[in-house]
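Peer 1: Here is the input, now give the coordinates:
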Amino acid sequence: MGLFDRVFRGSDEMFAKAEAEINAVVAELGESAPMKMPDTAYYLSCIYAYLGKKVTTLGELRDTLADVKAMMTREYKTKDIFTSGVGTAIAAEMIEACKYARNPDPYAGTNYHGHFTDAEVRTLGVPLVTRDIPGFVVMIGPAPTKEEALETVKGYQSRGIFVFLIGGIIDQLIECGMTMNFDVRVVPVGEDIWSVGHIISLVVRAAFIFGAVQPGDYDGHIDYSFHRIFAFVNAYAPVPDITVACGAGAIQLGFPVITNDTDDMWAVPKSLIINENTQDWIETSLEARDIKIKVTNIDIPVAFSNAFEGEIIRKADMHNEIWSAKNPTAELVVMRELNEIEDHKITIVGPDFDQAKDLALATYVEVAGKKMQVDFESVIERKIHAWFNYM
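Peer 2: Sure, this is the predicted structure:
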């Protein structure tokens, strides 16, 4: 019964942490002190989603502890570890909420993101629903090496997967100099495992906003996340019991867990996958969630992905700035006959990127083909503009 015991120990640990944090903040601020996460209309959204309760004060938060404890049953049945896992995720949200009760912006000045606003949920939720973002991964680290951490995250980026990070993998990527923020779809959520509560909060708010799932509809939220949110978890060994308990909650939501931890673990097809070769995790993860992505490698000396489209580049990091407010920019595509053009011919007129910092950029493309139509010219022009932003 090793896996059951690990989940139960982990859920007990998370609950004890939540209880201690809530009692401390109530003693400090009082039961009537307001409890509100910033920039959201969904209260403490995990509690609101799974328990149907609106938490507006610290006293109400403390009263909810009994409901969470009741979810953590101990009958050694598969349903028990899954329900305990969801209870663990709610307890994680409670721990994080205590930080926001004391300080409306507890992660200011840190490397961590913390709570997601409703605006961010909508920004991410739309492409998740339309499958423009094929899915997201929660990576809990550290990875075996910082080089592997960087390679894996970039591999997910190149496939359009949104990446959430928890724990030591964040420090590894900082050491590698990787840009991480919401715009590039790589978000360092928090240092501790209970920051996973912010990710589950995002998931249930997507169900509220896009699926019209009602508060307290436990089965409805589980069904929505399983069928509409294509997510999975990568948990690097050694995995503490408290993380194993969170993993049980992820599996209940329909998110497979891939790990290289073999301590009292057993594989569950499509749910708990043990793969000791961590360098294979990208393909293993995508297959587990039935995400099919065709990746075309483009032979250019920079990373290329739609994940970079909204990236903000700081002035100090800028090599060349091409901006229509400073210099003329344009894209023009013209249809030709096949015998009028030379395939793959590229001509640079004027200085190249290594010869000047302040450039105008006009992109002129001649296109021919049996299925080419004049109407396609403007479509390709708009795509060229997007492709530049993918670099």
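
Peer 1: If we go by neighbour counts, what in stretch 9-26 is buried?
Peer 2: Neighbour counts over stretch 9-26 (16 or more other C-beta atoms under 10 Å) mark 10-15, 17-19, 21-22, 25-26 as buried. The way it works is simple: take the backbone N, C-alpha and C, and place the C-beta from them, glycine included.

Peer 1: Would you map the helices across this protein?
Peer 2: Per DSSP state H, the chain carries helices over the ranges 2-29, 45-50, 58-63, 65-71, 78-102, 118-130, 146-158, 168-175, 196-211, 218-228, 241-252, 281-288, 376-390.

Peer 1: helices and strands around the second one, which ones?
Peer 2: In this structure, helix 45-50 packs against helix 78-102, helix 196-211, helix 218-228, with contacts taken as 3 or more C-beta pairs under 8 Å, 6 or more residues apart in numbering; DSSP states H and E.

Peer 1: how big is the angle separating the shortest one from helix 78-102?
Peer 2: Orientation note: helix 218-228 sits at an angle of 90 degrees relative to helix 78-102 (axes from the mean of the first three to the mean of the last three C-alpha atoms, to 10 degrees).

Peer 1: what packs against helix 218-228?
Peer 2: helix 45-50, helix 196-211.

Peer 1: neighbours of the residue nearest to residue 382 when sequence neighbours are not counted, just the number please.
Peer 2: Nearest non-adjacent residue to residue 382, counting by C-beta to C-beta, 6 or more residues apart in numbering: residue 331, 7.8 Å away. Residue 331 is flanked by 19 other residues according to other C-beta atoms under 10 Å.

Peer 1: who's in contact with residue 331?
Peer 2: 362, 363, 365, 381, 382, 384, 385 (C-beta atoms under 8 Å, 6 or more residues apart in numbering).

Peer 1: any chance of the helices and strands packed on helix 218-228 in CSV, plus distance to residue 286, mean pLDDT and mean neighbour count?
Peer 2: As requested, these are exported to CSV (distance: least, C-beta to C-beta, whole Å; pLDDT from 0 to 100; neighbours: other C-beta atoms under 10 Å):
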stretch, distance to residue 286, mean pLDDT, mean neighbour count
helix 45-50, 27, 98, 27
helix 196-211, 19, 96, 24
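
Peer 1: if we can go back for a sec, in CSV: the helices of the chain, plus distance to residue 36.
Peer 2: Output for the helices of the chain, formatted as CSV (distance: least, C-beta to C-beta, whole Å):
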stretch, distance to residue 36
helix 2-29, 13
helix 45-50, 12
helix 58-63, 11
helix 65-71, 18
helix 78-102, 8
helix 118-130, 13
helix 146-158, 33
helix 168-175, 27
helix 196-211, 13
helix 218-228, 21
helix 241-252, 24
helix 281-288, 35
helix 376-390, 36
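
Peer 1: Tell me which of those helices lies nearest to residue 108.
Peer 2: Shortest distance between residue 108 and those, using C-beta to C-beta, is found for helix 78-102: 11.4 Å.

Peer 1: what's the angle from that closest one to helix 2-29?
Peer 2: 20 degrees.

Peer 1: which helices and strands sit right next to helix 78-102?
Peer 2: helix 2-29, helix 45-50, helix 58-63, helix 65-71, helix 196-211, helix 241-252.

Peer 1: Just send those back as TSV, with distance to residue 304 too.
Peer 2: Below are the helices and strands packed on helix 78-102 laid out as TSV (distance: least, C-beta to C-beta, whole Å):
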stretch	distance to residue 304
helix 2-29	40
helix 45-50	35
helix 58-63	46
helix 65-71	45
helix 196-211	27
helix 241-252	30
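
Peer 1: still on that earlier bit, may I see the helices and strands packed on helix 218-228 organised as CSV, with distance to residue 72 added?
Peer 2: Converted to CSV, the helices and strands packed on helix 218-228 look like this (distance: least, C-beta to C-beta, whole Å):
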stretch, distance to residue 72
helix 45-50, 13
helix 196-211, 16
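
Peer 1: Tell me where the model's unsure across the chain.
Peer 2: Counting by pLDDT under 70, the chain shows low-confidence ranges at 1.

Peer 1: in it, what residue sits furthest out from the centroid?
Peer 2: residue 339 (48.2 Å; C-alpha atoms, centre = their mean).

Peer 1: And the furthest pair within the contacts of residue 331?
Peer 2: 362 and 382, at 15.6 Å, using C-beta to C-beta across the contacts of residue 331.
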